[in-house]
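Undergrad: I would like the atomic coordinates for the input below:
(2 chains)
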Amino acid sequence: GDSVTQMEGPVTLSEEAFLTINCTYTATGYPSLFWYVQYPGEGLQLLLKATKADDKGSNKGFEATYRKETTSFHLEKGSVQVSDSAVYFCALNGASGSARQLTFGSGTQLTVLP
Amino acid sequence: SQTIHQWPATLVQPVGSPLSLECTVEGTSNPNLYWYRQAAGRGLQLLFYSVGIGQISSEVPQNLSASRPQDRQFILSSKKLLLSDSGFYLCAWSVLGLAGEQYFGPGTRLTVT
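TA: This is a model prediction of the structure:
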């Protein structure tokens, strides 16, 4: 079945540091890929998405490129801010399943220090 | 635009008491609806999903149930809560024809004492 593997957290960075959160996946066919962000005490927000190979999703300074050859969708940001502190989830939507279920990674906690 | 509401926002219930959490979606028709649970410091567990009124699929065996009495209303229930039911409950919706992304509500924090 489909699966998503994220780098283990927690990740602690200083403000303005470069961020990479690794995400790799296993799926049949051509899944859509997503990054979600969850701020403390809140629901998940869709951060960015990519629907086909070589697509680059971007939002709020975050980017991720759909790499089919390496089955990866790593999240990057050039300069993090304290307000980026949150839990980040990588997810995929596989081709199977009528309800279009998402498969989530386990989440990566990011803390940015001033 | 579409919005999703959940209530209550927080709930403290004793073991053995009943539970009813409600989720409603505005601004879209015939959405797929989902209930997730997130234990403290853990990932997301899909509990139920629904593709239409009265159509519920359960992902894990448990003492929880779900119902969809109206197109944009999704209810999570229990007759007798267990301590292990504590967690953060999230409702989400999606629509066929998009890339499959889901949109989440603000969540309900349930503490069973």
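Undergrad: Flag the shaky bits of chain A, pLDDT-wise.
TA: For chain A, applying pLDDT under 70 flags the ranges A:95-99.
Undergrad: Correction: the previous question concerned chain B.
TA: For chain B, the ranges with pLDDT under 70 are B:61, B:97-98.
Undergrad: burial of the residue in chain B positioned nearest to chain A, as a residue count?
TA: Here chain B gets closest to chain A at one residue, B:G100, 3.1 Å apart by Cβ to the nearest Cβ. C-beta coordinates here come from the backbone N, C-alpha and C atoms, glycine included. Counted with other Cβ atoms under 10 Å in any protein chain shown, the neighbours of B:G100 add up to 25.
Undergrad: same deal with the one 5 residues further on?
TA: Summarising burial for B:G105: neighbours were counted as other Cβ under 10 Å, giving 23.
Undergrad: where's residue 111, which helix or strand?
TA: Let's take chain A. strand A:108-113 (DSSP states H and E).
Undergrad: please go with chain B instead
TA: Secondary-structure assignment from DSSP H and E places B:T111 in strand B:108-112.
Undergrad: for that strand, packing partners?
TA: Applying 3 or more Cβ pairs under 8 Å, 6 or more residues apart in numbering or on different chains; DSSP states H and E, we find strand B:108-112 packed against strand B:10-13, strand B:19-26, strand B:87-94.
Undergrad: tell me the most buried of the ones you listed?
TA: Mean neighbour count, computed with mean count of other Cβ atoms under 10 Å in any protein chain shown, is highest for strand B:87-94 among those, reaching a mean of 23.
Undergrad: near chain A at all, it?
TA: Yes. Using Cβ under 8 Å from any Cβ of the partner chain, strand B:87-94 reaches chain A at B:90, B:92, B:94.
Undergrad: cool, stretch B:44-60 as well?
TA: Yes. Stretch B:44-60 reaches chain A (Cβ under 8 Å from any Cβ) through B:44, B:46, B:49-51, B:57.
Undergrad: could those be laid out in a markdown table, adding secondary structure and neighbour count?
TA: Shown next, in a markdown table, are those (DSSP: H, G, I helix; E, B strand; the rest coil; neighbours: other Cβ atoms under 10 Å in any protein chain shown):
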| residue | secondary structure | neighbour count |
| --- | --- | --- |
| B:L44 | strand | 25 |
| B:L46 | strand | 20 |
| B:Y49 | strand | 26 |
| B:S50 | strand | 21 |
| B:V51 | strand | 16 |
| B:S57 | strand | 15 |
